[in-house]
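In: Let's see this in three dimensions:
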Amino acid sequence: QAQLVESGGGLVQAGGSLRLSCAASVRPFSNHAMGWFRQTPGKEREFVATISRYGRSIDYAESVKGRFVISRDNAKNTVYLQMDSLKPEDTAVYYCAADRLYSTPYNSWAYWGQGTQVTVSS
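Out: Just a heads-up that it's a prediction; the model follows:
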């Protein structure tokens, strides 16, 4: 059973930075698209950023463009989300996900982590 384990969440002041990591045991890691999603209480999970198998395709939600950067290290089976200029509205549980196809609708991605809490104080 594949596992995705997120880390790096925490409490930060507005304007600060955090770097999330996701260690994935999907095999082979390099054959999976990876993504970050987030959810706040009472709201649906929303797309944040995705990266294709070798990083040739990257997409961001409009709300995080210019502030967040997704990257991956296929040698370490890890995907990252560098979050800068954080805002209180970025507060959410952040989830890592994986799927064999970059084009799969996000809600149907095959593998999901347990999430890590990010809280941005004003």
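In: all contacts plus neighbour counts: C-alpha atoms, from now on.
Out: OK.
In: Can you pull up the most central residue in the chain?
Out: Geometric centre of the chain, nearest residue: residue 36, 2.1 Å, by CA atoms, centre = their mean.
In: secondary structure element for the closest residue to that one other than its chain neighbours?
Out: Leaving aside its chain neighbours, residue 36 sits nearest to residue 96 (4.7 Å; criterion: CA to CA, 6 or more residues apart in numbering). Element membership of residue 96, judged by DSSP states H and E, is strand 92-99.
In: After that strand, which helix or strand is next?
Out: Per DSSP H and E, the first helix or strand lying C-terminal to strand 92-99 is strand 111-112.
In: Adjacent strands (with direction) for that following strand?
Out: If you go by DSSP bridges, strand 111-112 pairs up with strand 92-99 (antiparallel).
In: average model confidence for the strand holding residue 96?
Out: What strand 92-99 shows for mean pLDDT is 98.
In: now swap in stretch 9-24 and tell me
Out: What stretch 9-24 shows for mean pLDDT is 98.
In: Ok, stretch 50-67 next?
Out: Across stretch 50-67, the average pLDDT comes to 97.
In: swap in stretch 109-122?
Out: With pLDDT averaged residue by residue, stretch 109-122 scores 97.
In: buried stuff in it?
Out: Across stretch 109-122, burial judged by 16 or more other CA atoms under 10 Å covers 109, 111-113, 115-121.
In: now stretch 49-67
Out: 49-53, 55, 58, 60, 64.
In: Can you tell me what sits against that stretch?
Out: Residues outside stretch 49-67 that contact it (CA atoms under 8 Å, 6 or more residues apart in numbering): 30-37, 47-48, 70-72, 74, 83-86, 102.
In: Between the buried residues of stretch 49-67, which sits nearest residue 90?
Out: residue 64 (8.7 Å; CA to CA).
In: For that closest one, which three-state class applies?
Out: coil (DSSP: H, G, I helix; E, B strand; the rest coil).
In: Which phi and psi values does it adopt?
Out: phi -120, psi 0 (degrees, to the nearest 10).
In: re earlier: JSON lines for the buried residues of stretch 49-67, including secondary structure?
Out: Shown next, in JSON lines, are the buried residues of stretch 49-67 (three-state DSSP):
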{"residue": "49", "secondary structure": "strand"}
{"residue": "50", "secondary structure": "strand"}
{"residue": "51", "secondary structure": "strand"}
{"residue": "52", "secondary structure": "coil"}
{"residue": "53", "secondary structure": "coil"}
{"residue": "55", "secondary structure": "coil"}
{"residue": "58", "secondary structure": "strand"}
{"residue": "60", "secondary structure": "strand"}
{"residue": "64", "secondary structure": "coil"}
